[in-house]
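> everything below, folded, please.
(2 chains)
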Amino acid sequence: AQSVTQPDIHITVSEGASLELRCNYSYGATPYLFWYVQSPGQGLQLLLKYFSGDTLVQGIKGFEAEFKRSQSSFNLRKPSVHWSDAAEYFCAVALRSGNTGKLIFGQGTTLQVKP
Amino acid sequence: KAGVTQTPRYLIKTRGQQVTLSCSPISGHRSVSWYQQTPGQGLQFLFEYFSETQRNKGNFPGRFSGRQFSNSRSEMNVSTLELGDSALYLCASSLAGGQLNTEAFFGQGTRLTVV
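Presented below is the predicted three-dimensional model:
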């Protein structure tokens, strides 16, 4: 079945430590790939996206993500986490086929940052 | 330029009532999508509108409906409210959606509580 999986529901890291959030998708063809961040009570902010080309994508707030076709993964990384990064992170995909902008989201990963 | 505006931000309704939520997309954006976010089900796609036409619909009952006006503003309506409809309703706008451009920008959402 078509799906987006974020294996980690909750992650805690120390401020200044590195971060990697995992995302795997299950689709026949490579979809468009996105990472969004949501602060409590707020909407979603786009961190970065992959449409084509370079598989290492740079985003806002110092985040980057790497697309690995062989692993059907699009993991989000940050070399040094700041306390303000505490939020919920969503991986999402949009299908390339069909004329639709529908986004399919993973379950989300809640990031807690320890001082 | 102004972002996606959703009104109202908060709503409390009684079971059996109906509710209308509004979304004003970013100027120039013609595609509007709606999502329901709940702790149990996560982010689920409701429907997508482009140029006043519903282009895609998620797996929700007919009590959920929407429309888009000629200025691209969109409304969604939920009739005969149930307790389970309590959720954060998010609107997203994009230039065109589909294969042309699927980068979606989200509003802050409308928090609906059904009592």
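
> please report how far the spatially most central residue of chain B lies from chain A.
Closest to where the C-alpha atoms of chain B average out (C-alpha atoms, centre = their mean) is residue B:34, at 3.0 Å. Per C-beta to the nearest C-beta, to the nearest Å, residue B:34 is found 11 Å from chain A. Every residue, glycine included, has its C-beta placed from N, CA and C.

> find the nearest non-adjacent residue to that residue, please.
Distances taken as C-beta to C-beta, 6 or more residues apart in numbering or on different chains place residue B:46 nearest to residue B:34, at 4.1 Å, with adjacent residues excluded.

> can you classify the one you found by secondary structure?
Look at residue B:46: counting by DSSP: H, G, I helix; E, B strand; the rest coil, its state is strand.

> burial count for it?
Neighbour count of residue B:46, defined by other C-beta atoms under 10 Å in any protein chain shown: 22.

> got a list of what it touches?
B:33, B:34, B:35, B:36, B:57, B:58, B:60, B:64, B:66, B:76, B:89 (C-beta atoms under 8 Å, 6 or more residues apart in numbering or on different chains).

> for the residue nearest to the centre of chain B, give the beta-bridge partners.
Here residue B:34 shows beta-bridge partners residue B:47, residue B:91, assigned using DSSP bridges.

> cool, and the one 4 residues further on?
With beta bridges defined as DSSP bridges, residue B:38 has these partners: residue B:42.

> and the residue of chain A found nearest chain B, backbone torsions?
Nearest residue of chain A to chain B (C-beta to the nearest C-beta) works out as residue A:101 at 2.7 Å. Backbone geometry at residue A:101, expressed as degrees, to the nearest 10, gives phi -100, psi 10.

> that one contacts residue B:32, doesn't it?
No: contact criterion C-beta atoms under 8 Å: residue A:101 and residue B:32 do not qualify, at 9.3 Å.

> ok, residue B:51 touching residue B:30?
Yes: between residue B:51 and residue B:30 there is a contact at 5.8 Å, judged by C-beta under 8 Å.

> comparing those two, which residue is more hemmed in?
residue B:30 (16 against 11).

> before we move on, the earlier item: anything in contact with each of residue A:101 and residue B:32?
Shared contacts of residue A:101 and residue B:32, counting by C-beta under 8 Å, 6+ apart, come down to B:48, B:92.

> list, one by one, the residues from chain A near chain B.
Counting by C-beta under 8 Å from any C-beta of the partner chain, chain A comes close to chain B at A:32, A:34, A:36, A:41-46, A:49, A:90, A:92, A:94, A:96-108.

> narrow the residues you listed to those in helices?
Using DSSP state H, no member of those falls within helices.

> could you verify my assumption that residue B:63 touches residue B:79?
Yes: counting by C-beta under 8 Å, residue B:79 is a contact partner of residue B:63 at 4.8 Å.

> coming back round to it: the residue of chain A closest to chain B and residue B:82, how far apart?
28 Å (C-beta to C-beta, to the nearest Å).

> between these two, who's got more neighbours?
Neighbours were counted for residue A:101 and for residue B:82 using other C-beta under 10 Å; residue A:101 has more, 29 against 12.

> distance of the more buried one from residue A:68?
Distance, residue A:101 to residue A:68, by C-beta to C-beta: 24 Å.

> just residue A:40 next, same as before
31 Å.

> the more surrounded of the two?
residue A:68 (11 against 7).

> number of nearby residues for residue B:32?
Neighbours of residue B:32 using other C-beta under 10 Å come to 31.

> so what pLDDT did the nearest residue to residue B:80 once chain neighbours are set aside get?
Nearest residue to residue B:80 in three dimensions, chain neighbours excluded: residue B:63, at 5.5 Å (C-beta to C-beta, 6+ apart). Residue B:63 carries a pLDDT score of 98 in this model.
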